[in-house]
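1. Here's a sequence, model it:
(2 chains)
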Amino acid sequence: MKHALHSVVFGLFLASTAAIADDMPTFRLLMKDGRILPETLEVPAGTRFRLEVKNEGPGATEFESLELKKELVLAPGVTRTTVFAPMRPGTYKFFDDFHPETGQGRIVAK
Amino acid sequence: MGNAFFVVWRESLEAFLIAGILYAWLQGNDSSGKGKRALYIGLAAGVGLALLLGWALLTVQDELTGNALEAFQIGTLLVAAGLITQMVLWMRKNGRQMKARLHADLSAAAEKSGFVGVAVVAALAVAREGAETVIFLYGMSQEGDYSALIGGALAGFAAAGATAWLAAKSLARLNIALLLRLSSILLLVLASALFVAAIDRLIGAGWLPPMLDPVWDSSSLIDDTTKAGKLLADFSGYRARPALTTLLAWAGYWLLVVIGYRRTRP
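-> From the prediction side, this is the model:
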């Protein structure tokens, strides 16, 4: 029984490292001066991908999307990455919560 | 300047509101002063925790620590939602007893644990959004824009304090039964919003399946990406495009609260 549990745990470990090791496409987003570049980011639908958000400043930013359920606070000069689950085709809005007037963008999954 | 004002106001409003409601309630129900002391200690601890968390957010860049930080933030959301809910039920049970001071000896133990709850709730309220305010203000100080920083931030703090003070003052004017009921409802709605935020972030991190997402799209009615819509989302848990998991969690939360509320009839 204990043995079986061990192999299950080991299997899960293998599965999780496999998920990390597989080559996820990486997309980059630049936040600068209250603006988001590019404002429209095209990603493949149905694929996990990694988003690398860089805040070039000046000022802090907060990459946020209620639709995509993500929230990343970035001090100036900071780069953070986050992994997105496979998306259905469609348009998903995100915004810079610290600059809501100018910082609006969308991710288009195709 | 205007932006700094709005961001600081919004980020600190939640903490001020929670502190204000707790203060109003303690004012009416606890004449020993222990509750208020617990509240002040909690608020001070929250400021320290916010600075620490802000520093962590500044230095964390790699994905693994990023995930750990995400998990920690989700944890604080869940603990805050749970504790506020528990505290509301505790307040409901103890409100009249404490006022009458008839069961002083009997409820001493319950009182003590309740005050610890008050302190933790206050600390978490300040620490959570406080950390973001720290980052925001740090960013502005990097810009070298000190006049906008000080003017906007101070005005934002002051306005959030005034908003909460007004809410607490108007609550305190009410009779004790109404005060208890209204402040309870306010706190429960806030706790449900924190819970929804936690569930959403669990889904966003891939730690919970969204099931059906979205169940509906009411963004043409109330868009949660606008300033006002976002405010509504932050304080009530409203989502224009909710996932089924989030919806079920929200419904489950209110079901448990209603059951708990019935059980703790004062």
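2. Can you give me the buried ones in the longest strand along chain A?
-> For chain A, the strand with the greatest residue count under DSSP state E is strand A:49-57. If you call a residue buried by 16 or more other C-beta atoms under 10 Å in any protein chain shown, then strand A:49-57 has these buried ones: A:Phe49, A:Leu51, A:Val53, A:Lys54, A:Asn55, A:Glu56, A:Gly57. In this view, the C-beta of every residue, glycine as well, is placed from N, C-alpha and C.
3. Over to B:Pro242. Which of the three states is it?
-> coil (DSSP: H, G, I helix; E, B strand; the rest coil).
4. Distance check, it against chain A.
-> For B:Pro242, the distance to chain A equals 9 Å [C-beta to the nearest C-beta, to the nearest Å].
5. and chain A, which residues reach chain B?
-> For chain A, the residues in contact with chain B (C-beta under 8 Å from any C-beta of the partner chain) are A:57-62, A:66-71, A:73-76, A:78-83, A:85, A:93, A:95, A:97-101, A:104.
6. Report pLDDT for A:Met1.
-> Each residue has a pLDDT score; the one for A:Met1 is 48.
7. swap in B:Glu63?
-> Note for B:Glu63: predicted pLDDT of 80.
8. since we're on it, how many residues are nearby?
-> Using other C-beta atoms under 10 Å in any protein chain shown, B:Glu63 has 15 neighbouring residues.
9. so after the helix or strand bottoming out on mean pLDDT in chain A, what's the next helix or strand?
-> None of the helices or strands of chain A scores lower by mean pLDDT, DSSP states H and E than helix A:2-21, at a mean of 50. With elements assigned by DSSP states H and E, the helix or strand that comes after helix A:2-21 is strand A:26-32.
10. got the angle between that next one and strand A:49-57?
-> 20 degrees (axes from the mean of the first three to the mean of the last three C-alpha atoms, to 10 degrees).
11. Just the buried residues of the next helix or strand after strand A:26-32, please?
-> Next along the chain after strand A:26-32, taking DSSP H and E as the criterion, comes strand A:35-37. By neighbour count with 16+ other C-beta under 10 Å, strand A:35-37 contains the buried residues A:Ile36.
12. Over to stretch B:133-153?
-> Under the neighbour-count criterion of 16+ other C-beta under 10 Å, stretch B:133-153 has B:133-142, B:145, B:148-149, B:152-153 buried.
13. can you list contacts of that stretch?
-> A:57-61, A:73-76, A:98, B:1-5, B:7-8, B:11-12, B:50-51, B:53-55, B:57-58 (C-beta atoms under 8 Å, 6 or more residues apart in numbering or on different chains).
14. hmm, try it at 6 Å
-> A:58-60, A:73, A:75-76, A:98, B:1, B:4-5, B:7-8, B:11, B:50, B:54, B:57 (C-beta atoms under 6 Å, 6 or more residues apart in numbering or on different chains).
15. Low-confidence bits of the chain, can you list those?
-> Answering for chain A, as no chain was given. Counting by pLDDT under 70, chain A shows low-confidence ranges at A:1-22.
16. nope, chain B please
-> Using pLDDT under 70, chain B drops low at B:1, B:94-110, B:266.
17. Show me which residues of it sit near chain A.
-> B:7, B:57-58, B:61, B:63, B:66, B:132, B:135-136, B:138-139, B:142-143, B:200, B:203-204, B:206, B:224-225, B:227, B:241 (C-beta under 6 Å from any C-beta of the partner chain).
18. From the residues you listed, which land in helices?
-> B:7, B:57-58, B:63, B:66, B:132, B:135-136, B:138-139, B:142-143, B:200, B:203-204, B:227 (DSSP state H).
19. Name the nearest of the residues you listed relative to B:Thr163.
-> Lowest distance from B:Thr163 to these (C-beta to C-beta) belongs to B:Val7, with 14.7 Å.
20. so what's B:Ile84 up against?
-> Neighbour list for B:Ile84: B:Val121, B:Leu187, B:Ala191 [criterion: C-beta under 6 Å, 6+ apart].
21. Then B:Thr163?
-> Listed by C-beta under 6 Å, 6+ apart, the contact set of B:Thr163 is empty.
22. Secondary structure of it: a strand, I assume?
-> No: counting by three-state DSSP, B:Thr163 is located in no strand; its state is helix.
23. May I see the buried residues of stretch A:36-50?
-> A:Ile36, A:Leu41, A:Val43, A:Phe49.
24. Mind listing residues that contact that stretch?
-> By C-beta under 6 Å, 6+ apart, the surrounding residues in contact with stretch A:36-50 are A:24-27, A:30, A:81, A:83-84, A:86-87, A:89, A:103, A:105-110.
25. mind checking which helix or strand the residue nearest to B:Ala24 when sequence neighbours are not counted is in?
-> Distance criterion C-beta to C-beta, 6 or more residues apart in numbering or on different chains; nearest residue to B:Ala24, sequence neighbours excluded, is B:Ala168 at 4.2 Å. Counting by DSSP H and E, the element that carries B:Ala168 is helix B:146-173.
26. Kindly report the same for A:Met87.
-> Going by DSSP H and E, A:Met87 is not in any helix or strand.
27. which residue does the stretch 51-200 of chain B bring closest to chain A?
-> Across the stretch 51-200 of chain B, no residue is closer to chain A than B:Gly139, which sits at 3.0 Å (C-beta to the nearest C-beta).
28. gap between that residue and B:Leu53?
-> Note on B:Gly139: its distance to B:Leu53, by C-beta to C-beta, to the nearest Å, is 16 Å.
29. A:Thr61 reaches A:Phe98, doesn't it?
-> Yes: counting by C-beta atoms under 6 Å, A:Thr61 touches A:Phe98, with 5.4 Å between them.
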